[in-house]
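Chemist: what shape does this take:
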Amino acid sequence: MPEADRLILERADRFVHDYLAKAVVADRRRLGVRGWVVPGEAGLPGEPVPFATLPDESAFATVDAGEPWGRAWGTTWFLVDGEIPTAWGDRAGRIELSLDLGFSQAKPGFQCEGLVRTPDGRAVKGLEPRNHHVPLEAGPGSTFRYYVEAASNPDLSGGDDFKSVTAFRPTSAGDAATAGEEPLYRLGRCEVRLVDTGVEELRREVAILCGLARELTDSDPRRARILDGVERALYAINPDEPSNGVEAARGILRPLLASPAAPSAHRIVATGHAHIDSAWLWPARETVRKVARTFANVLELMDRDADLTFVSSSAQHFAWVKQNDPELYERVRRRVAEGRFLPVGNMWVESDVNMPSGESLARQLLYGTRFFEDEFGARSDVGWLPDSFGFPASLPQLLRSAGLRWFFTQKMCWNDVNTMPHHTFRWEGLDGTRIFTHFPPNNTYSGDMRPTELARSVRNFSDHAHASSSLMPFGYGDGGGGPTREMMADGRAQSDLEGSPRLRFGGPREFFLEAEEEYADAPIWSGEMYLEFHRGIYTSQSRTKRGNRRNEWLLVEAELWCAAAALRTPFDYPYEQLDELWREVLLLQFHDILPGSAIAWVHREAERSHARVTARLEGLIEGAVAALADRGDEPLLLNPAPVPAGGVPAWGAAAGHPSSAPRASAAPDGGFRLQSAALTVEVAADGTLASVVDVPTGRELLAPGGRGNLLQLHVDAPAKWDAWELDRSYRLSVTDLVDGSATLAESGDVHVVRRFGTSRVEQWIGLDDSGEALRIRTRVEWHERHRLLKLAFPLDVHAMDAAYETQFGHVRRAVHTNTSWDAARYEVCAHRWVHVGEPGFGVAVVNDGLYGHDVTRQIVQGRVSTVVRQSLLRAPTFPDPDADRGEHEFVTVLAPAARPEDAARWGALVGSPVRAVRGAHAPEPLVQVQGDGGVVLSAAKLAADRSGDLIVRVFEQRGARSRARLRLGVDVTGVRVCDLVETPDAAASDICVEGRDAAVELSAFQVLTLRVTPASAGESRA
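Modeler: Next comes the predicted model:
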């Protein structure tokens, strides 16, 4: 940039941030402030209290500006009194309050916050950095009083939104019990102000023109004219009394601001937004208040600015407001009804979408959609997941099956290797379903209307040749806040400005309608959208992940037995309890909880919550099974898996006891042998696997010279984003943990003990009850820091790719690293199993609660072998400095599996083990599938509308067209196809039913949801 131009811009910056900034407030008066601290117990800060329970004002003590207040995670209520000076009645300007709680200039949502209420408790507006004004309706001479609920939340972002690596240092502030009692903030200025709106507008106009000039090239005539005009305007102002020259300066700038954008300019649709993490660097109890503050902000701004529309996802957030602030919620409902406050996404929360099961994602959409329909009379058709960490190939089908027509995210711009080729395209899923998708080219869900953001939208947009518009969500986010009046004014000033894209305010639906019509032949992206970043989230916070895996399958099992009992006996189907438990688990699948990237408080709370859910589900299952099997003392086996298990039919029961697994025996070399008709396993003296032979084929599963069950320890110290990230360089340091001792346990398993660092590992190695698979139970006392523990199996299989379980099917990923896209997938997600194979032979590596895996190839003795590794544990120190410390237990199963569907069978058996109970008789399965193995049962439950209909969901698991016959365990009057949220599909024909049998045909990886109307139901049918 030429030196003269640089000096003009620097001079303008000084005017904007110094002279004009000081002149914006023409006059001010201090306010009286008193405070009351919510008391805590046992050394902890007090929990939030409702407005209605506040003490009398005599309990409030005077608080002066500069006085410290607010221990970490505490709540202080401030009582603010003041009077508008009578003398201001003759002066021009805007009168308002400014309540500075002690804000820094850091991003809103990460430090102290407040919610202003009137004396009768009505929420007025939130208080955050950069947005702490409060409108006053009264005139000069009037008095006023407000209450402020102030939350003294610690800033765990480093004070600069994670721009510095020092932001990732371990901190004790992430848990109320360890955060300390010292005040974090000092009360700032609380005053009533008279604002000079002319100076305010001049400041905005200079900032916008200078921002635009910085985006234009040195040779652009528009840039030269802007700099000339800005320089002349500044010299029309007296720096000591800027208000005197405002009109003259604005007159100089007016022609520059009136010059319109080029006819071919890119078009931006700007929609108000506030990304609110349901829990992250704050607990969910604080998110409840963040949502209320943000909604109050938005409603106040809507009252004053007719151009604002605002989108909000997460039915859970609306439900919190409904429960905790009914008056605020009614105002939201009115704005929703007029089409300005726009619910989007139709999910319970913005969940992680890689790790939840297919049924979990179906319930995210079911509960979110039903809430929006029940509360607002309509569902959205815009899928909205701006910040989830990658997107599985199963998602397009699930979104479209839930009535969503379009999909929006911005997260893929975080890739650290490859850039996604398009911003507007059709995303094709595993089954071939396509959904029109858009990424915002300004690479954020929290735009703030600066000229640099608008210019970035144009510069980055990859589809200019065929598309002319993009969507830009704007408003402070992560910790909420939303759009501000300044953003709205900045947007209007740039709506039709030469050198800038055109901008208009609107909602995502109108954007997508226009974009899809304009770009009807949009390009296709097929398969998963793997995020090349945050690869550690598949492993961090193991207890949270295992709780999720356990409970999402227990919920499906509880629904199955409860539905069977309700349709066959007088058992009352526990609608309310199951709904409550589902919603609790769905909240814990939020994209910073399940991935393990939240503070200690969040994860300890999640672990306790999962334990409570498990106990309640076990109670529901026990009650349903007692009703189904009647009272008796016969030993019974119940199989909740969708595949037969040891002679027990899928989703059925049989009389008998659990079978016993073959016992290990000592081998002459000091090791041990496990033998069955299916497997011969040699365990070395150090506890690693020396040989695993598939007896029917004679094939050795392990690579020549390879050690199976090999624990490997890596240094895991990413550059930043500790809990999130697994840097590629972690492989540069690896220690094989081979020092250990193996003995024969009383159970007949081989017992292995290893010690390393400050940690200890025990393993029990044995055959499963059928003798067809090797079962390894691993217990770890984990006390490491910045380490990654993996469990490796080098397999004698020549595989070009591997199959990984995902929702309702599997995805194949290359094992080689031919391309940068392949190489970037060095850590990937799988649900219960990974399968590697060659024609006629393969191996399944199965788990009971893990997600992170890597699969690589190596050459051993001149031939290719494939190494499958499970990621057991990480040890990040931010944001939870004690992440994963303590005891963990995992189950790994290694089994011959010729095809992925064989691996899926083992995954189902491990994930939903047979139950041993007692009763009078073994109940028949509620639903059975007869076919070639392609069609799999997923869920059976009573319909959410409480009609008494039975919902049955099946899917095709092989990736091939499949036919099957469903045998229903009750008499039925009809079977209809419905969508994922249980609404009958008017375009689909009814399923032909013969007696109790219904024939279905599914295409590759199709998910089919059926609504079955029973001829009669239990006495409790609703």
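
Chemist: for the residue nearest to L301 when sequence neighbours are not counted, phi and psi?
Modeler: The shortest distance from L301 to any non-neighbouring residue, by CB to CB, 6 or more residues apart in numbering, is to L308 (5.6 Å). From N, CA and C alone the C-beta is placed, and that goes for glycine too. Backbone torsions of L308, given as degrees, to the nearest 10, read phi -80, psi 130.

Chemist: L308 - how many residues pack around it?
Modeler: 25 (other CB atoms under 10 Å).

Chemist: ok, now which ones touch it?
Modeler: By CB atoms under 8 Å, 6 or more residues apart in numbering, L308 lies in contact with 272, 298, 301-302, 340, 483, 488, 505.

Chemist: which among these gets closest to E887?
Modeler: The shortest gap between E887 and any of those belongs to V298, at 45.3 Å (CB to CB).

Chemist: where's the closest one, which helix or strand?
Modeler: Using DSSP states H and E, V298 maps to helix 284-304.

Chemist: now swap in D854 and tell me
Modeler: strand 852-860.

Chemist: identify each buried residue in that strand, please.
Modeler: By 16 or more other CB atoms under 10 Å, the buried positions in strand 852-860 come out as 852-857, 860.

Chemist: same thing with stretch 832-847?
Modeler: For stretch 832-847, by 16+ other CB under 10 Å, it's 832-837, 841-847.

Chemist: and it, average pLDDT?
Modeler: Stretch 832-847 shows a mean pLDDT of 97.

Chemist: for stretch 917-931, same thing?
Modeler: 96.

Chemist: now do stretch 635-645
Modeler: 97.

Chemist: do the same with stretch 489-497
Modeler: pLDDT averaged over stretch 489-497 gives 98.

Chemist: name the residues that touch that stretch?
Modeler: 201, 204-205, 208, 212, 257, 259-261, 270, 307, 448-451, 454, 474, 500, 502-505.

Chemist: I'd like the next helix or strand past whichever helix in the chain runs longest.
Modeler: In the chain, ranked by residue count with DSSP state H as the criterion, the top helix is helix 600-629. Beyond helix 600-629 on the C-terminal side, the first helix or strand identified by DSSP H and E is strand 634-638.

Chemist: can you lay out the contacts of L308 as JSON lines showing distance to A803 and neighbour count?
Modeler: Converted to JSON lines, those look like this (distance: CB to CB, whole Å; neighbours: other CB atoms under 10 Å):
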{"residue": "G272", "distance to A803": "43", "neighbour count": "30"}
{"residue": "V298", "distance to A803": "46", "neighbour count": "28"}
{"residue": "L301", "distance to A803": "50", "neighbour count": "23"}
{"residue": "M302", "distance to A803": "50", "neighbour count": "21"}
{"residue": "R340", "distance to A803": "47", "neighbour count": "18"}
{"residue": "P483", "distance to A803": "45", "neighbour count": "33"}
{"residue": "M488", "distance to A803": "50", "neighbour count": "20"}
{"residue": "F505", "distance to A803": "46", "neighbour count": "20"}
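
Chemist: okay, now the unreliable bits of the stretch 251-400 of the chain?
Modeler: Regions of the stretch 251-400 of the chain meeting the criterion pLDDT under 70 are absent.

Chemist: any idea where the helices of it begin and end?
Modeler: 284-304, 315-324, 326-337, 358-376, 395-401 (DSSP state H, counting those that start in this stretch).

Chemist: so which bits of stretch 916-930 are buried?
Modeler: Neighbour-count burial for stretch 916-930, with 16+ other CB under 10 Å as criterion, is recorded at 917, 919, 922-929.

Chemist: off-centre distance for that stretch?
Modeler: Taking the mean of its C-alpha atoms, stretch 916-930 sits 37 Å from the chain's own mean (CA atoms, centre = their mean, to the nearest Å).

Chemist: which residues touch the residue positioned nearest the centre of the chain?
Modeler: Of all residues in the chain, the one closest to the mean position by CA atoms, centre = their mean is H591, 2.0 Å from it. H591 is in contact with 277, 350-353, 385, 387-389, counting by CB under 8 Å, 6+ apart.

Chemist: can you name the two of those residues that are farthest apart?
Modeler: D277 and V353, at 15.4 Å, using CB to CB across these.

Chemist: could I get the contacts of L308 as TSV with distance to V864?
Modeler: Listed next are the contacts of L308 as TSV, based on distance: CB to CB, whole Å:
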residue	distance to V864
G272	55
V298	58
L301	62
M302	63
R340	60
P483	56
M488	61
F505	58
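
Chemist: among these, which one lies nearest to H657?
Modeler: V298 (61.2 Å).

Chemist: verify the stated contact: the closest one with G482.
Modeler: Yes. Assessed by CB atoms under 8 Å, V298 is found in contact with G482 at 5.1 Å.

Chemist: V16: what secondary structure?
Modeler: helix (DSSP: H, G, I helix; E, B strand; the rest coil).

Chemist: tell me the confidence at it?
Modeler: Per-residue pLDDT puts V16 at 92.

Chemist: do G403 as well
Modeler: pLDDT recorded at G403 is 97.

Chemist: what is the burial count for it?
Modeler: G403 sits with 18 neighbouring residues when counted by other CB under 10 Å.

Chemist: that one sits in which helix or strand?
Modeler: Judged by DSSP H and E, G403 forms part of no helix or strand.

Chemist: run a quick neighbour tally on the closest residue to it other than its chain neighbours.
Modeler: Among residues not flanking G403 along the chain, R379 sits closest, at 5.7 Å (CB to CB, 6+ apart). R379 has 20 neighbouring residues, counting by other CB under 10 Å.

Chemist: got a list of what the residue lying closest to A402 once chain neighbours are set aside touches?
Modeler: Counting by CB to CB, 6+ apart, A402 lies nearest to L365, which is 3.9 Å off, once chain neighbours are set aside. Contact analysis of L365 by CB under 8 Å, 6+ apart lists 346-347, 398-399, 402, 404, 980-981.
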